[in-house]
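# Need coordinates for the below:
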Amino acid sequence: MMARRPKFRGTFFVNRFFTHLECGNCGKSHDADRLQTTCGACAGPLLARYDLANPEMPSLDEVMSRRPGQFRFHEVLPTAAGGGTPTLGEGATPLIESRPLGPGVHVKDESQNPTGSFKARGMAVAIARSVELGATEFCLPSNGNAGGAAAAYSALLGVKVDIAVPANTPQALVDESRALGANVTLVDGTIADAGRIQKEKAVANGWFSVATLHEPYRIEGKKMMGYELFWDLGRMPDVVLYPTGGGTGLVGMIKAFDEMEQLGWIGSERPRMVAVQVEGCAPIVRAHHEGLDSAPAWENPDTTAAFGLRVPSALGDQLMLKGLRDTNGTGVAVSETAMLDATDRLAREAGIWGSPEGGAVLAAYETLRDSSWLEAGETVVLFNTGSALKYV
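I've put the predicted structure just below:
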């Protein structure tokens with residue numbers, strides 16, 4: 001790829017609330033004013049930290065008076081441009097009360113994001129912040145949706161991106177990324193194989209990788225889902241079920257809840273977080289039920305319609321498992337048949353033609369409901385992370 005001048009650099013002001021980066025595993029601090037990847041001490045994922053006690057931090061009422069969207073509360077996002085960060089309109093997705101699915105059940109429909117999935121949230125922040133810090137050429141492995149989002153925001157910001165996807169990725173996703181200007185390579189194997197190839201290419205070409213949790217800022221966009229749950233409900237839900245591959249959204253929402261407590265918006269209450277995976281590739285669910293602090297890689301993962309869940313090893317495994325423990329949550333692995341049946345019911349009974357990952361979440365909810373893990377009267381949020389149109 002030939003370097004080109006970005007359309008945007010975002011040097012309008014410094015976000016005075018964004019203080020530093022901190023390793024989520026060992027706690028080591030890292031500078032936030034230059035491009036960073038993972039922790040220099042333990043190679044763990046880095047998390048953005050903010051001065052949440054700053055008296056100039058806006059109140060909840062002020063935040064709620066702003067236009068809904070990803071950058072509504074830009075003080076807790078890392079971009080220097082703040083509310084002026086270029087956007088495609090990501091965020092502010094609907095939280096739909098769906099009584100046909102069960103009492104107290106709500107669906108957070110992330111399919112209504114740009115590029116048709118929740119991946120737009122993370123890439124909106126990661127690409128913009130990295131461009132502010134001087135990056136012009138990006139790369140990543142993807143199961144499809146993250147690649148499409150990276151391509152869209154790279155086009156918006158005038159930079160280049162190279163994407164590697166498994167060869168069995170739906171053609172619609174490959175076509176989307178290419179239409180948006182990305183270079184896309186098909187790789188035999190899983191996203192882990194694609195990741196190894198992209199890591200080598202990043203070193204050889206000087207590209208900046210925006211692979212899941214290999215940089216600090218995709219999680220910052222994803223955490224806004226947690227803020228939105230509070231804004232939409234006016235309180236914390238009791239249970240959140242989330243389809244878990246790389247786990248950025250799960251970790252991000254837990255981070256958002258911790259930030260809201262530091263801001264004084266909520267107390268110590270937390271939703272019980274549920275990681276949902278498929279039986280043919282369930283490293284986090286297995287590790288949780290075995291009481292492990294990290295998740296061994298899943299050997300020979302099965303092919304699944306929910307390609308976003310075919311992640312045999314995740315860099316954020318320790319953070320995910322800690323989050324499940326700290327919130328008294330759990331993990332559920334569903335069968336392929338149960339997932340596909342639930343995807344159909346999500347459409348017929350709730351009017352949401354969602355992704356197989358969304359169907360997996362509904363199937364997991366039904367498993368927990370039937371096992372009495374859920375209590376009567378609880379508010380439960382199911383995440384549909386993408387549009388069925390991406391899978392056709």
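# List the residues that contact the closest residue to Ala333 other than its chain neighbours.
Among residues not flanking Ala333 along the chain, Ala282 sits closest, at 3.9 Å (CB to CB, 6 or more residues apart in numbering). All C-beta atoms are positioned from the backbone trio N, CA, C, and that covers glycine. With contact set as CB atoms under 8 Å, 6 or more residues apart in numbering, Ala282 has these partners: 298, 331, 333.
# Look at the nearest residue to Gly102 once chain neighbours are set aside and tell me its secondary structure.
Leaving aside its chain neighbours, Gly102 sits nearest to Arg369 (6.5 Å; criterion: CB to CB, 6+ apart). Judged by DSSP: H, G, I helix; E, B strand; the rest coil, the three-state class of Arg369 is helix.
# tell me, how many neighbours does Arg369 end up with?
Neighbours of Arg369 under the rule other CB atoms under 10 Å: 16.
# so it touches Gly104, yeah?
No: Arg369 lies out of contact with Gly104 (CB atoms under 8 Å); the separation is 10.5 Å.
# So what's the model's average confidence on the helix or strand containing Ala126?
Using DSSP states H and E, Ala126 sits within helix 119-132. For helix 119-132, mean pLDDT is 98.
# Quick one: list the elements packing against it.
Applying 3 or more CB pairs under 8 Å, 6 or more residues apart in numbering; DSSP states H and E, we find helix 119-132 packed against helix 145-157, helix 218-233.
# hang on, the earlier thing: and the residue nearest to Gly102, how far from Val380?
As defined by CB to CB, to the nearest Å, Arg369 lies at a distance of 9 Å from Val380.
# any shared contact partners between the two?
Joint contacts of Arg369 and Val380 (CB under 8 Å, 6+ apart) are Gly102.
# quick one, what contacts the spatially most central residue of the chain?
Closest to where the C-alpha atoms of the chain average out (CA atoms, centre = their mean) is Gly249, at 3.3 Å. Going by CB under 8 Å, 6+ apart, Gly249 touches 118, 222, 225, 242, 383, 385.
# got those as a markdown table, with distance to Arg272 columns?
Shown next, in a markdown table, are the contacts of Gly249 (distance: CB to CB, whole Å):
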| residue | distance to Arg272 |
| --- | --- |
| Phe118 | 20 |
| Lys222 | 19 |
| Met225 | 16 |
| Tyr242 | 11 |
| Phe383 | 14 |
| Thr385 | 19 |
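# In CSV: these, plus neighbour count and distance to Pro68.
Shown next, in CSV, are the contacts of Gly249 (neighbours: other CB atoms under 10 Å; distance: CB to CB, whole Å):
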residue, neighbour count, distance to Pro68
Phe118, 33, 16
Lys222, 27, 17
Met225, 25, 13
Tyr242, 24, 21
Phe383, 28, 18
Thr385, 29, 19
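# List just the nearest of those to Gln198.
Closest approach to Gln198 among the contacts of Gly249 (CB to CB): Lys222, at 20.3 Å.
# For stretch 194-205, list every residue counted as buried.
Buried residues in stretch 194-205, counted by 16 or more other CB atoms under 10 Å: 194-195, 198, 201-202.
# tell me the two of those that are most distant?
Greatest spatial distance in these: Ala194 and Ala202, 12.3 Å, computed using CB to CB.
# Confirm that Thr19 sits in a strand.
Yes: counting by three-state DSSP, Thr19 is located in a strand.
# What degree of burial does it show, as a neighbour count?
As a measure of burial, Thr19 has 15 neighbours, counting by other CB under 10 Å.
# cool, the one 4 residues further on as well?
As a burial measure, the neighbour count of Cys23 was computed by other CB under 10 Å and equals 20.
# Can you name the residues that contact it?
Shown in contact with Cys23 (CB under 8 Å, 6+ apart): 30, 39, 41-42, 44-47.
# go on, Gly386?
The contact partners of Gly386, by CB under 8 Å, 6+ apart, come to 110-111, 116-118, 145, 308, 354-355, 357-358.
# Need those residues in TSV (columns: secondary structure).
Output for the contacts of Gly386, formatted as TSV (three-state DSSP):
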residue	secondary structure
Glu110	helix
Ser111	helix
Gly116	helix
Ser117	strand
Phe118	coil
Asn145	helix
Gly308	helix
Gly354	strand
Ser355	coil
Glu357	helix
Gly358	helix
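# filter these to the buried ones?
The neighbour count (16+ other CB under 10 Å) marks 110-111, 116-118, 145, 308, 354-355, 357-358 as buried among the contacts of Gly386.
# coming back round to it: just the ones of the contacts of Cys23 in strands?
30, 46-47 (DSSP state E).
# Looking at those residues, which is nearest Gln171?
Among the ones in strands among the contacts of Cys23, Leu46 lies closest to Gln171 (CB to CB), at 34.8 Å.
# As a check, name the ranges of all strands in the chain.
With DSSP E, the ranges of strands along the chain come out as 18-23, 29-30, 46-50, 95-97, 105-109, 137-141, 160-166, 183-187, 208-209, 239-243, 272-278, 330-334, 380-384.
# how big is the angle separating the helix holding Ala126 from helix 218-233?
Helix 119-132 runs at 130 degrees relative to helix 218-233, counting by axes from the mean of the first three to the mean of the last three CA atoms, to 10 degrees.
# which residues of the stretch 51-200 of the chain score low on pLDDT?
Applying pLDDT under 70 to the stretch 51-200 of the chain flags no residue at all.
# Need the buried ones from the contacts of Cys23 selected in PyMOL.
Per 16+ other CB under 10 Å, the buried members of the contacts of Cys23 correspond to this PyMOL selection:
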select buried, resi 30+39+44+45+46+47
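# For Ala179, state which of the contacts of Cys23 is nearest.
Ala179 lies nearest to Pro45 out of the contacts of Cys23, by CB to CB, at 31.0 Å.
# so who does that closest one touch?
Counting by CB under 8 Å, 6+ apart, Pro45 touches 23-25, 38-39, 213-214, 216, 219, 251, 315-316, 319.
# how about a cut-off of 6 Å?
Contact analysis of Pro45 by CB atoms under 6 Å, 6 or more residues apart in numbering lists 24, 213, 315-316.
# Who wins on neighbours among those residues?
Counting neighbours by other CB under 10 Å, Gly316 leads the contacts of Pro45 with 25 neighbours.
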